[in-house]
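Engineer: Take a look and give me a structure for this.
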Amino acid sequence: MFNQEILMQAIMESRDSITIADATLPNYPLIFVNPAFEILTGYLKEEILLKNCRYLQGLDRQQRQLQDIKEALHERRSCLVTIRNYRKDGSMFWNELSISPVFEKTGLLTHFIGIQKDVTARIILEQRLIEERKLLEQSKATLEKLIIYDTLTGIYNRRYFEDQFYSHWEYKADANGRLTVMFVDIDYFKRFNDTYGHIAGDEALKKVASTLYKSLRRVGDFVARYGGEEFIVLASDMSQKQAISYAQSICMKIRELEIIHATSPHGFLTISCGVAYFKPNISKAPKQLLHQADLALYKAKEMGRNQAAAFDTSMESDNL
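Structural biologist: Numbers count the residues shown, from 1 in each chain. Alright, predicted model coming up:
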């Protein structure tokens, strides 16, 4: 036969706080607490017997878990929650509280047994790990952004363009599609920097980048800062006529920004645009399209800038 004295000794010697509340009385007052409860809370049993233990919550009554406890008591069932409690000296601790109902053989609910554990160290560690994980995720996101985006203008950088360009090339080659590359260069940008300063130059770069980005027509198209004052646009499934029309419209939109450039023959900040276009296939190298767009850009500059020029085959033979 199990000795009740041993059971009582186990309860009294337990390192976990143990309480018993009378479920037959209103407000479920405490009728027993073990020494571990006194150590945990700082309250002597004489101070809290015949009181409901919600005083441990202090003024912190908006915790969601308190509703879980209320529902469990009402439904006469067990529950396990972790809540903020407060010692007699006002210090907060995280309490892992387990509540279990006790029934007589007749089914009458007589008591609730509560077991409390101070899990403050565990919760602090978990919170610290969560914060560290958030910082790592933020750092990862920042690093990923640095890898693919230009830090000044916010559009894609050259490295990302090159990755995407070769992917687009392979996809269009398989799908028998068309690719258009446009090299864009800000006209007389060194003069602009020398005249207005690098801060104004940076602002101009941002405005040009934003305008180029907003001009994109399809989800798969994109623009990148290729370096310095040079940008590159990659567009899909345009005819040659559509491509040159699109490039000319970009030149017009930049001119319409009306960024004063007194040392430019045009009076305002403008761009030159070189357009190259063809259907990717295994007989052509991706760099060939970039080379053609570059040649077309030089043609636009030779024609007086502030305009777009398309590549033609005679240009390549003249420059090889």
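Engineer: all contacts plus neighbour counts: C-alpha atoms, from now on.
Structural biologist: OK.
Engineer: Which helix or strand contains Ala209?
Structural biologist: Assigned by DSSP states H and E, Ala209 falls within helix 198-214.
Engineer: Apologies, that question was intended for Gln292.
Structural biologist: helix 286-302.
Engineer: Against Glu96, how distant is Ile48?
Structural biologist: Ile48 sits 20 Å away from Glu96, going by C-alpha to C-alpha, to the nearest Å.
Engineer: Report the buried residues of stretch 29-46.
Structural biologist: 29-38, 40-41, 43, 45 (16 or more other C-alpha atoms under 10 Å).
Engineer: Could you do stretch 79-99 as well?
Structural biologist: Quick answer for stretch 79-99 (16+ other C-alpha under 10 Å): 79-80, 82-87, 92-99.
Engineer: do the same with stretch 109-119
Structural biologist: For stretch 109-119, burial by neighbour count (16+ other C-alpha under 10 Å) applies to 111-118.
Engineer: re earlier: got the buried residues of stretch 29-46 as a markdown table, with distance to Asp60, pLDDT and secondary structure columns?
Structural biologist: Formatted as a markdown table, the buried residues of stretch 29-46 follow (distance: C-alpha to C-alpha, whole Å; pLDDT from 0 to 100; DSSP: H, G, I helix; E, B strand; the rest coil):
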| residue | distance to Asp60 | pLDDT | secondary structure |
| --- | --- | --- | --- |
| Pro29 | 20 | 94 | coil |
| Leu30 | 20 | 95 | strand |
| Ile31 | 24 | 95 | strand |
| Phe32 | 24 | 95 | strand |
| Val33 | 23 | 94 | strand |
| Asn34 | 25 | 94 | coil |
| Pro35 | 25 | 95 | helix |
| Ala36 | 23 | 95 | helix |
| Phe37 | 20 | 95 | helix |
| Glu38 | 21 | 95 | helix |
| Leu40 | 18 | 95 | helix |
| Thr41 | 16 | 94 | helix |
| Tyr43 | 18 | 94 | coil |
| Lys45 | 22 | 91 | helix |
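Engineer: quick one: which of those is nearest Glu144?
Structural biologist: The nearest member of those to Glu144, counting by C-alpha to C-alpha, is Leu40 at 47.3 Å.
Engineer: domain parsing for this protein?
Structural biologist: 4-123, 149-319 (automatic domain parsing).
Engineer: Return the most buried member of these.
Structural biologist: The highest average neighbour count among the domains of the chain, using mean count of other C-alpha atoms under 10 Å, belongs to domain 149-319 at a mean of 18.
Engineer: next one: that one to chain centre, how far?
Structural biologist: The chain centre lies 30 Å from the centre of domain 149-319; the measure is C-alpha atoms, centre = their mean, to the nearest Å.
Engineer: Can we start the residue count at 319 from this point?
Structural biologist: Noted, 319 is the first residue going forward, which turns the last one into domain 467-637.
Engineer: May I have stretch 495-515 exported as PDB, CA atoms only?
Structural biologist: C-alpha atoms of stretch 495-515 as PDB (Å, rounded to 0.1, in the frame of the first residue of the first chain):
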ATOM      1  CA  GLY A 495      11.700  33.900 -79.400                       C
ATOM      2  CA  ARG A 496      13.300  37.400 -79.900                       C
ATOM      3  CA  LEU A 497      15.600  39.400 -77.700                       C
ATOM      4  CA  THR A 498      16.300  43.100 -77.800                       C
ATOM      5  CA  VAL A 499      19.200  44.700 -75.900                       C
ATOM      6  CA  MET A 500      19.600  48.500 -75.500                       C
ATOM      7  CA  PHE A 501      22.700  50.100 -74.300                       C
ATOM      8  CA  VAL A 502      21.900  53.500 -72.700                       C
ATOM      9  CA  ASP A 503      24.500  56.200 -71.900                       C
ATOM     10  CA  ILE A 504      23.900  59.600 -70.300                       C
ATOM     11  CA  ASP A 505      25.200  62.300 -72.700                       C
ATOM     12  CA  TYR A 506      28.100  64.400 -71.400                       C
ATOM     13  CA  PHE A 507      27.700  63.100 -67.900                       C
ATOM     14  CA  LYS A 508      31.300  64.000 -66.900                       C
ATOM     15  CA  ARG A 509      30.500  67.600 -67.700                       C
ATOM     16  CA  PHE A 510      27.400  67.400 -65.700                       C
ATOM     17  CA  ASN A 511      29.300  66.100 -62.600                       C
ATOM     18  CA  ASP A 512      32.000  68.700 -63.100                       C
ATOM     19  CA  THR A 513      29.400  71.500 -63.300                       C
ATOM     20  CA  TYR A 514      26.900  70.500 -60.700                       C
ATOM     21  CA  GLY A 515      28.800  68.200 -58.400                       C
END
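Engineer: so for it, what's the average pLDDT?
Structural biologist: Model confidence over stretch 495-515, given as mean pLDDT, is 92.
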